[in-house]
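[1] output the structure for:
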Amino acid sequence: MSTEPNAASPIAWLIRACAGRAALVIWIAIALAVLGVWSARRAPLDALPDLSDTQVVIATEWMGRNPTLIEDQVTYPVATAFLGAPKVKAVRGFTMFGMSFVYVVFEDGTDPYWARARALEQLAKVQSRLPPGVTPQIGPDATSVGWVYQYALVDDSGQHDQQELRALQDWTLRYALQGVEGVSEVATVGGFEKEYQIEVDPGRLRAYGLALGDVVAAVSGANGEVGGRVLEMSQHEYAIRGRGYVGSREDFESAVIAVRGGGRPISVGDVAQVTVGGAIRRGLADLDGRGPVVGGIVVMRTGENALEVCRRTKKKLEELAPSLPPGVRVVPVYDRSRLIEASLSTLGTNLLQIVGVVLVTIGLFLFHLRSSLVVVVTLLVATSASFIAFWALDLTISIMSLAGVILALGDMVDSTVVMVEDAHKRIAEAEARGEPIDRQGVIISSAQRLGPSLFGALLVLTVAFLPVFALTGEEGRLFRPLAVAKTASMAVASVLAITLVPALMVWLLRGRIRPAEQNPIARVASAMYRPVLRLALRARWLVLAAAVALVVATAVPARKLGSEFMPPLYEQDLLYMPVSVPSMPVSEAERILRWQDQRIREVPEVEQVFGKAGRAETALDPAPLTMFETIVRLKPKEQWRPGLTLEALIAELDAKTKTPGMQGAWTMPIKARVDMLSTGIRTPIGVKVFGKDLATIAAIEAQIEGVLRDVPGTRSVYAERELGASTSTSSRAVRRSPATVCRSASCSTPSKPASAA
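    Numbers count the residues shown, from 1 in each chain. Modelled structure (predicted):
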């Protein structure tokens, strides 16, 4: 069989053409690398792909009403209105005290803004069926995974109370940050929202012969402003208006309810006491166990660059810092950019490690440093050019896509190393004969001989991940970025192997080329593997039998290995999510939250603790007051106690926060959001009980909870208490609401049970 290259083949012709125009090819490669860097800077960046379905959240506030009333008059009519909407896959309802949430899930591939437009159309139809004064609102164009940045307002001077800090957050910081590019919403949690409270005395009301409705009408009429005519006077025009907006407690007290005999007015102050207080709190926050604080949550718009949004948010907060009152400062409590930058650093570290290994390996085995540059330059160009696909397809660069690039690094190096080594061998053999040689011709001939085979091998590796593109739903959204990155990297590498590599070899394979026989490292390696190779070829049937036996033996440990949809990701932060028994008051929730934060802060590895009980002022957070979410920021692992693992640290934190009546769950911020979006439960494993009678469901829940406690590998089990709680779920538009029993080896806390399909 002839080993000479087929110069007539298209690939061989392309190799010769690129080697003959090396300068042009290298300039094109440089342009490709620059375009790749530009694409990487323009493509969205996030820690993980957004696994959420296209959904629209319908939030309706009817404060002061009980969940049963809201379910019947708000949640049920809104949910049924979306059953016939186009491309709707599921409708899920959730009802709590004073609030109703309806999640409309659309089919995969639905444009989110088209979905929001359809939601507005359906809401216009259902408005007439709702109680007077109740107006549903669609949530922000984001998902709960878009919580990319959180902060707390801290007053070190002690001169500002929680009401003043809440006003500062609502009227200054929130609007300033909401104008940042890429931010969909800035939600507030904690503090007291200022309101005027009118406590009517029934005795006085009866004495004056008035009704409660008269007081309501007087208060409503006193807080208004009207316009009048235009008055011309002295060649000037004056606009007449009646000013009636209230600005103080005295304005309410002086509002006239009625006029009795003798023209004596009866004001609100005569029958009621007007005070300034806080509105009903359904959420509160605590920082490091030092007491209540006001917090803010920056929610990123769907499809935006999370890293850039975090950077813009921090820059805006720095600009706002001088305008804050003396003693008030903004303390970051969660910043996803830390995780994203760590992921990018991992890619850079892996790339530098491979470059270092290539330089050392080729330098030791070939004794030719410039040959290493062929591999290094090709690797850098292929890596940067692979990001062009993300920019062209508008995909987010995340840990999964970076993992695809890292997986392709080794394969991208192999083909170039083989071509460089073969060219060295051909040049050394020609020079050993002592005849004048055409080094460029030898290099081209060597590349033409190996190029077609290497190109075919790289194409096989390129198409290996194509079946991943057939995945749909959450699996497709998770693994498609990895497949795109791996496929794009290998496709670029296969093209560069027959274009850029020959051009670089012509430029860089100069100077003295030593034969392998003169390299002591190569001789030692050859002496070590040749006897093993001869023995394996002689006893080939024995080697094949041993290989088959080894493969069969792996079946035993494989059966004992666990399985998981996505490997756990260390996010540098923990999320503690305990849930309490129903009907916990705000004061008790505040006391327990502060105590838990103090206990967590005592652990040396903990840098900061930010606890939240209840819900933030956003449609993306339907958490009841009995549900806590505590973000635990950990110090770098280099500062941990020697030998301490993450599992041991979680066990220590869990032991410190054990409280009667509280069922804890330890997870991580992004992982918890992903679990909620995929199953509606904040744990990987859950059991749902369906039925029409809550009493029967509660009894079955208790039985299941008792049985699951004895299952091996279960850390904790919690059955959600539906009876006697201040929250209720509703999804009667699709099915009757289930109760939920959660079980997990790491956490077990139910979230919105009706949100799981």
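[2] just the element for Val299, please.
    strand 292-300 (DSSP states H and E).
[3] what are the pairing partners of that strand, and which direction each?
    According to DSSP bridges, the neighbouring strands of strand 292-300, each with its direction, are strand 147-155 (antiparallel), strand 183-189 (antiparallel), strand 283-287 (antiparallel).
[4] go through the ones you listed and name the closest to Ile11.
    Among those, strand 147-155 comes nearest to Ile11, with 46.8 Å by CB to CB. (Glycine included, C-beta is placed from N, CA and C.)
[5] after that closest one comes which helix or strand?
    Using DSSP H and E, the next helix or strand after strand 147-155 towards the C-terminus is helix 162-168.
[6] centre of the chain to that following helix, how far?
    Computed by CA atoms, centre = their mean, to the nearest Å, the separation of helix 162-168 from the middle of its chain amounts to 29 Å.
[7] i'd like the first residue to be 30 from this point on
    Okay, using 30 as the starting number, the last item reads as helix 191-197.
[8] run through who's touching it.
    Residues from elsewhere that reach helix 191-197 (CB atoms under 8 Å, 6 or more residues apart in numbering): 182, 184, 189, 217, 219-223, 307, 321-323, 353-354, 357.
[9] need the winner for burial among the strands paired with strand 321-329.
    For the strands paired with strand 321-329, the stretch with the most neighbours on average is strand 312-316, a mean of 26; neighbours defined as mean count of other CB atoms under 10 Å.
[10] and the contacts of that strand?
    With CB under 8 Å, 6+ apart as the contact definition, strand 312-316 has outside contacts at 181, 183, 218-220, 321-324, 360, 362, 615, 618-619, 622-623, 626, 637-646, 650, 652, 654.
[11] with stretch 105-117 instead?
    If you take CB under 8 Å, 6+ apart as the criterion, stretch 105-117 is touched by 87, 89, 120-122, 129, 131, 133-136, 139, 144, 147-148, 151-152, 154-155, 158-159, 165, 759-763.
[12] please enumerate the helices of the stretch 30-179 of the chain.
    For the stretch 30-179 of the chain, the helices defined by DSSP state H, counting those that start in this stretch occupy 39-49, 51-71, 96-99, 105-110, 141-155.
[13] any chance of those helices in a markdown table, plus mean neighbour count and mean pLDDT?
    What follows is those, written out as a markdown table (neighbours: other CB atoms under 10 Å; pLDDT from 0 to 100):
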| stretch | mean neighbour count | mean pLDDT |
| --- | --- | --- |
| helix 39-49 | 19 | 87 |
| helix 51-71 | 16 | 90 |
| helix 96-99 | 18 | 88 |
| helix 105-110 | 22 | 92 |
| helix 141-155 | 16 | 91 |
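[14] so where is the chain shaky, pLDDT-wise?
    Across the chain, the ranges flagged by pLDDT under 70 are 30-37, 464, 545, 591-597, 706-713, 744, 750-786.
[15] what's the longest helix in it?
    Secondary structure of the chain per DSSP state H: the longest helix is helix 428-461.
[16] between helix 51-71 and the next helix or strand after that helix, find me the angle.
    Moving toward the C-terminus from helix 428-461, the first helix or strand encountered (DSSP H and E) is helix 468-492. Here helix 468-492 runs at 30 degrees with respect to helix 51-71, directions being taken by axes from the mean of the first three to the mean of the last three CA atoms, to 10 degrees.
[17] what's in contact with helix 468-492?
    Under the criterion CB under 8 Å, 6+ apart, residues 32-36, 38, 40-41, 44-45, 48-49, 440, 444, 447-448, 451-452, 454-456, 459, 516, 519-520, 522-523, 526-527, 530-531, 534-535, 538-539 lie in contact with helix 468-492.
[18] hmm, back to that, so can I have TSV of the strands paired with strand 321-329 showing distance to Ser745?
    Formatted as TSV, the strands paired with strand 321-329 follow (distance: least, CB to CB, whole Å):
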stretch	distance to Ser745
strand 176-184	25
strand 212-218	26
strand 312-316	23
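[19] of all those, which lies closest to Pro231?
    Taking CB to CB as the measure, those were each checked against Pro231, and strand 312-316 came out nearest at 32.3 Å.
[20] could you dump the closest one to PDB, C-alpha only?
    What follows is strand 312-316 as a C-alpha-only set of coordinates in PDB (Å, rounded to 0.1, in the frame of the first residue of the first chain):
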ATOM      1  CA  GLY A 312     -42.100  39.600  54.300                       C
ATOM      2  CA  LEU A 313     -39.100  40.700  56.400                       C
ATOM      3  CA  ALA A 314     -35.300  40.500  56.200                       C
ATOM      4  CA  ASP A 315     -32.300  40.200  58.600                       C
ATOM      5  CA  LEU A 316     -28.600  40.700  58.100                       C
END
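[21] starting at the chain centroid, how far to it?
    From the chain centre to the centre of strand 312-316 is a distance of 22 Å (CA atoms, centre = their mean).
[22] gap between the residue nearest in space to the middle of the chain and Val134?
    In the chain, the C-alpha nearest the mean C-alpha coordinate belongs to Val174, at 4.0 Å (CA atoms, centre = their mean). Here Val174 is placed at a distance of 15 Å from Val134 (CB to CB, to the nearest Å).
[23] please apply the same query to Leu182.
    On the measure of CB to CB, Leu182 and Val134 end up 35 Å apart.
[24] returning to what we had before: I'd say the residue nearest to the centre of the chain and Ser81 touch.
    Yes - contact between Val174 and Ser81 holds when scored by CB atoms under 8 Å: they sit 6.0 Å apart.
[25] hmm, back to that, just the buried ones out of the contacts of strand 312-316, please.
    By the neighbour-count criterion of 16 or more other CB atoms under 10 Å, the contacts of strand 312-316 include these buried positions: 181, 183, 218-220, 321-324, 362, 618-619, 622-623, 626, 637-646, 650, 652, 654.
[26] and stretch 565-580, C-alpha only, in CSV?
    Output for stretch 565-580, consisting of C-alpha atoms alone and laid out as CSV, is shown next (Å, rounded to 0.1, in the frame of the first residue of the first chain):
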residue,chain,number,x,y,z
ALA,A,565,0.4,-7.4,24.0
LEU,A,566,0.6,-8.4,20.3
ARG,A,567,1.8,-11.9,21.1
ALA,A,568,-0.8,-12.5,23.7
ARG,A,569,-3.5,-10.6,21.9
TRP,A,570,-6.4,-13.0,22.7
LEU,A,571,-5.5,-12.8,26.4
VAL,A,572,-5.4,-9.0,26.3
LEU,A,573,-8.8,-8.9,24.5
ALA,A,574,-10.3,-11.3,27.1
ALA,A,575,-8.9,-9.2,30.0
ALA,A,576,-10.5,-6.1,28.4
VAL,A,577,-13.9,-7.8,28.1
ALA,A,578,-13.7,-9.1,31.7
LEU,A,579,-12.8,-5.6,32.9
VAL,A,580,-15.8,-4.1,31.1
